Structure formats: C-alpha cells, structure tokens
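J.: Here is a sequence together with a model predicted from it:
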Amino acid sequence: MARDTTDTMPIASRDDLVAWIAEGCKLGQSVGIENEKLPFYRDTLSPVPYEGDPATGRGGIRALLDGMAERQGWERILEDGLPIGLADDAGTGGAVSLEPGGQFELSGAPLKTLHASKAELDGHLDALKAVAEPLGIGFLALGAGPKWPRGATPAMPKGRYRIMAGYMPKVGTRGLDMMFRTCTAQANLDFASEADMVRKLRVSLALQPAATALFANSPFREGRPSGFLSERSHIWLDTDRARSGMMPFAFEPGMGFERYVDYALDVPMYFVKRGDRYHDVTGASFRDLMEGRLDALPGERATLSDWANHLSTIFPEVRLKRYLEMRGEDVGSAPMIVALGALFVGLLYDPAALQAASDLVAPWTAEMRQAMRDAVPAQGFRTPAGGRTLRDVARDMLEIARGGLERRAFRDAAGRDEAQYLAPLDELVERGQTRADMLLERFHGAWNGSVDPVFAECAY
C-alpha cells in the first residue's frame, strides 16, 4: 500500500470490522495489478540508497520519487518531510510506494480491462525509465535480489518498517530477507458477495502453489544458486507463520467475513499510527486496542484506519481486504506481470471458469495443499499434485482461464481479447521450464557461473 489509511471513525464492536470488509462487495469486475522491482546502479550493480551515492553524487530513491512526481504530476506522500511515495489522486487512483529495501512498487488502479492495466504498466515503466536513466539506475525483474548481502541493502525512511525490522527476528529466521530482498507481483480482484468471496478465496488459495511455479523467477542468493526456483517463496515459509501461509480454515464450514475477522484479530499487531507517528505495539492484540487496554497506548481505542492498516500487515498467500489479493508470485517481465492479472481474471470472473477451477481443486485436502506449498519453491513444475504435477495443474489453469477471458470478450483496438496476455505462461508450460530453470541453465552455461549478466537480461 502506498499510503496508510486515515479513517478515524471509532470501532464500536467486532461487527464494525466485519462490516468494513463487507463494504467491499461490488458487482463490477475490476483488476488491479501491483509490481515491485529492485533498483540498482547499472555501472556497479550495487543497491540504490534513499539519498543516493555520496561518493559519486548520484541521486537515489528520493531523486526517483521527485522525478516521477514532476513528470507525472502525482502528489508526493511525505513522512517526516521526506517523500516516501506518490499518489495519483487526480487520476485513476494508482500509487507508487517504497518497500523496506527500496523496492519500487506500482500499486495499479482498479481498472475494467487487462488492456487498461497493460497500458497503465507500460506508462509507468516508460516514465520510470526516463527518470532513472540519467541517474544510472536500472530495475531488476526478479523475485529476489541475486547478488548483494542483506546487510548491504539500504533501509527506507518509513517508520512502520523500522518497527517491523525489530520484530521480524523474534518470529522467524527469514523475515528481514522478506523485507529487504524480495519482489512480488500481485493481482487484486473483486467479489460480489460473501459467498462469492469465499468461493474465489478457496479457488485462488488452492491454486497459489501452481501460480508460484508459473511465476518462479528467483533462483539466486548472494551470487550463487540458492537451491530454490523461487527464493522469495521459500523465504515466506519461515517469515512469520502467525500471519502467512495457506489459511486452511478458509476451507472449513462456516467460512466468511466473520471467520476472517477472527483470524485477523488473532494476528499480533505491528504498530498503531497516530498523526504522523508510528507507535510500536508489536505482539499486542487488536482486541486490546479495541478495549483501550494497550500498555503502549493506555486508553487509546481502535479506529477504522487502525483496522485497515492492521489488515495490510497480514501476509497469507491470498489476502482478503475489500478485495482479494493474489500474493504467491515472483515479479517478472512486464508481459509476465500482465499475465498474472490475466490468469486470475480468467479463472475467477467467468462463472463457467470459476466452476471448472472449483472442480479442479475440489479433491485436494488441506494436507495436499500444504505439501504443494512447501515443495514448490524448490521443485516448481515438478511438484507432485495428487498423482500429477503442478505443470499439469498449470496447463489446466491456463485452459480454464483462456475460456473465461474469451467469454469476457473485452477487445483491444485490434480486436484481440484478453486471452492474448496468457501467451508467456503458455510458453513456460509447453517448455516444462520455469523462468528460474532457464536462468539457472544460463548461470551454469553462457554466464560462466556469474549472476552479473542477470542485471542486463532481467532488467526493465
């Protein structure tokens, strides 16, 4: 999220929390596509600090934000007087934000078609290139940083990240890697009702391991193969199990808005924001904030902004807010980012496709879903899936999604429907290789054991 929510309406009861999510129900079928990318200096292949490189005087992340603001006319989002994001308040509602290690994120606006999402992404990348090139900055299209150690990664001046960085080592071994080293792409989709949400959540959760395989694109760590096709996905397995994972309760009877609220209430808090200040309440209960019983903020009670911000600090493979967020994928090239949106729009928005996808995952147990999730970072398409492999599942997903997109029949100026955007995924399934498999082949072959060529071959 580019900007923390600032709704100061007080929360009277648990029902208010449920109602806030339920207000997301809508009959429209928009798609919002997000992507993170890792900036680097092209001549040194080194990370980009917020204020730039003092040795050379080159600008850094702050200069990128200022340049983008001036070029696009977007409003700067400030914290302690420093720009930490941009918002297109006068336009479609898109935003730019910074992740902890300087990962530059476009939070795409909710748009009607994938054609519009592609145009939005192309415009963003064109503008970013125009601003970044004079600074000597490029951007990696990989799910995890391939070269420098975590300690060399600069930290961004955002209060919530300082709090998270202090808490992460208490709840897992890879939380700081998640914060400072990983990049994801994400597709955000609507639901029409509570029942529609549950159905879409279950289908997309069950299929996240297959999507992780389709988008696996992070096989390196500190200059060498990490042993995983998606180092990013592997990192999430030991980040913070209280707030991540496959949410098996979502498949149990009685799942709905209330059940998700109860789950979210059980996830420990990171912070409470009052004015411009983030208060560290790590490990505290949102229930205690509702009752005014937080030790760090005695008497302070929860507002709707606190609830919205808390939901943004929960990280399951599919996240529920006022829409559903697909979160299991490594970032990749621009066509792969659009393909992510196409995959889930095709699967979830057409009734026949949603039924076919539901039938596809219906035989899977919670144990099978978890086994796929655990295995996919290392095995990719080869991951066992109920007597088949995730490559087989991915092929079925693409066939179902293609039908859904064709029936949507949203066409571009050339008369082509949205199914065209599945082409990069079709190619991967046909080859039986993930992008990570292909990168590893290059590493052991033409690249002669160096990751440096990836900064040219996998950069925006």
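T.: Thanks, I have the structure now. Just so you know, these numbers come straight off a predicted model, no measurement behind them. Numbers count the residues shown, from 1 in each chain.

J.: And for the helix or strand hosting Ile163, what's in contact with it?
T.: For Ile163, the element it lies in under DSSP states H and E is helix 159-167. When contacts are defined by CB atoms under 8 Å, 6 or more residues apart in numbering, helix 159-167 is touched by residues 4, 79-80, 100, 155, 175-176, 179, 270-271, 273, 277-278, 280, 282-283, 313. Where C-beta positions appear, they are placed from N, C-alpha and C, glycine not excepted.

J.: So which of these are in strands?
T.: Members of the contacts of helix 159-167 lying in strands (criterion: DSSP state E): Glu79, Phe271, Lys273, Arg277, Tyr278, Asp280.

J.: Can you flag the buried ones in those residues?
T.: Glu79, Phe271, Lys273, Tyr278, Asp280 (16 or more other CB atoms under 10 Å).

J.: picking up where we left off before, now distance to Phe251 too, for the ones in strands among the contacts of helix 159-167, in TSV please.
T.: Converted to TSV, those look like this (distance: CB to CB, whole Å):
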residue	distance to Phe251
Glu79	39
Phe271	31
Lys273	34
Arg277	40
Tyr278	35
Asp280	35
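
J.: what would these look like in CSV with pLDDT?
T.: Output for these, formatted as CSV (pLDDT from 0 to 100):
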residue, pLDDT
Glu79, 96
Phe271, 98
Lys273, 96
Arg277, 94
Tyr278, 96
Asp280, 98
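
J.: Which pair of those residues spans the longest distance?
T.: Glu79 and Asp280 (15.6 Å; CB to CB).

J.: just the helices in the stretch 51-200 of the chain please.
T.: Counting by DSSP state H, counting those that start in this stretch, the segments of the stretch 51-200 of the chain that form helices are 61-72, 114-132, 159-167, 175-181, 194-214.

J.: Arg301: which of those helices is closest?
T.: Short answer: helix 159-167, nearest of the helices of the stretch 51-200 of the chain by CB to CB, at 20.2 Å.

J.: What is the nearest of the buried ones among the ones in strands among the contacts of helix 159-167 to Gly67?
T.: Distances from Gly67 to these, taken by CB to CB, are shortest for Glu79, at 18.7 Å.

J.: Now do the residue lying closest to that closest one once chain neighbours are set aside: how many residues are near it, please.
T.: Nearest residue to Glu79, sequence neighbours excluded (CB to CB, 6 or more residues apart in numbering): Lys158, at 6.1 Å. Using other CB atoms under 10 Å, Lys158 has 21 neighbouring residues.

J.: Now the helix holding Ile163: buried residues?
T.: Gly159, Arg160, Tyr161, Arg162, Ile163, Met164, Tyr167.

J.: From those residues, pick the one nearest Ala334.
T.: Tyr161 (26.9 Å).

J.: and the closest one, how far is that from Ala63?
T.: Distance of Tyr161 to Ala63, computed by CB to CB, to the nearest Å: 20 Å.

J.: what do you get for Arg319?
T.: 32 Å.

J.: so what secondary structure elements neighbour the helix or strand hosting Glu36?
T.: Secondary structure from DSSP H and E places Glu36 in strand 31-41. For strand 31-41, the helices and strands in contact under the criterion 3 or more CB pairs under 8 Å, 6 or more residues apart in numbering; DSSP states H and E are strand 46-47, strand 104-107, helix 114-132, strand 137-140, strand 184-189, helix 334-348.

J.: I would like the residues contacting the third one, please.
T.: Contacts with helix 114-132, where a contact means CB under 8 Å, 6+ apart, come from 31-33, 35, 39, 64, 67-68, 71-72, 92, 94, 96, 104, 106, 108-109, 111, 138-139, 334, 337-338, 341-342, 345, 405, 410, 412, 418, 421, 460.

J.: for the record, mean pLDDT for that helix?
T.: Mean per-residue pLDDT for helix 114-132: 97.

J.: How far away from the center of its chain is that helix?
T.: 18 Å (CA atoms, centre = their mean, to the nearest Å).

J.: Just the CA coordinates for that helix, please, in PDB.
T.: The C-alpha coordinates for helix 114-132 follow below in PDB (Å, rounded to 0.1, in the frame of the first residue of the first chain):
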ATOM      1  CA  LEU A 114      -6.500  -6.000 -18.800                       C
ATOM      2  CA  HIS A 115      -5.800  -3.800 -21.800                       C
ATOM      3  CA  ALA A 116      -6.100  -0.800 -19.500                       C
ATOM      4  CA  SER A 117      -3.800  -2.500 -16.900                       C
ATOM      5  CA  LYS A 118      -1.200  -3.100 -19.600                       C
ATOM      6  CA  ALA A 119      -1.400   0.500 -20.700                       C
ATOM      7  CA  GLU A 120      -1.000   1.700 -17.100                       C
ATOM      8  CA  LEU A 121       2.000  -0.600 -16.600                       C
ATOM      9  CA  ASP A 122       3.600   0.500 -19.900                       C
ATOM     10  CA  GLY A 123       3.200   4.100 -19.000                       C
ATOM     11  CA  HIS A 124       4.700   3.600 -15.500                       C
ATOM     12  CA  LEU A 125       7.700   1.800 -16.900                       C
ATOM     13  CA  ASP A 126       8.300   4.400 -19.600                       C
ATOM     14  CA  ALA A 127       8.100   7.300 -17.100                       C
ATOM     15  CA  LEU A 128      10.400   5.400 -14.700                       C
ATOM     16  CA  LYS A 129      12.900   4.700 -17.400                       C
ATOM     17  CA  ALA A 130      13.000   8.400 -18.400                       C
ATOM     18  CA  VAL A 131      13.700   9.400 -14.800                       C
ATOM     19  CA  ALA A 132      16.100   6.600 -13.900                       C
END
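
J.: That helix vs strand 31-41, what angle?
T.: 20 degrees (axes from the mean of the first three to the mean of the last three CA atoms, to 10 degrees).

J.: In JSON lines: the helices and strands packed on strand 31-41, plus mean neighbour count and distance to His234.
T.: Shown next, in JSON lines, are the helices and strands packed on strand 31-41 (neighbours: other CB atoms under 10 Å; distance: least, CB to CB, whole Å):
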{"stretch": "strand 46-47", "mean neighbour count": "18", "distance to His234": "21"}
{"stretch": "strand 104-107", "mean neighbour count": "24", "distance to His234": "21"}
{"stretch": "helix 114-132", "mean neighbour count": "18", "distance to His234": "27"}
{"stretch": "strand 137-140", "mean neighbour count": "24", "distance to His234": "18"}
{"stretch": "strand 184-189", "mean neighbour count": "25", "distance to His234": "13"}
{"stretch": "helix 334-348", "mean neighbour count": "26", "distance to His234": "19"}
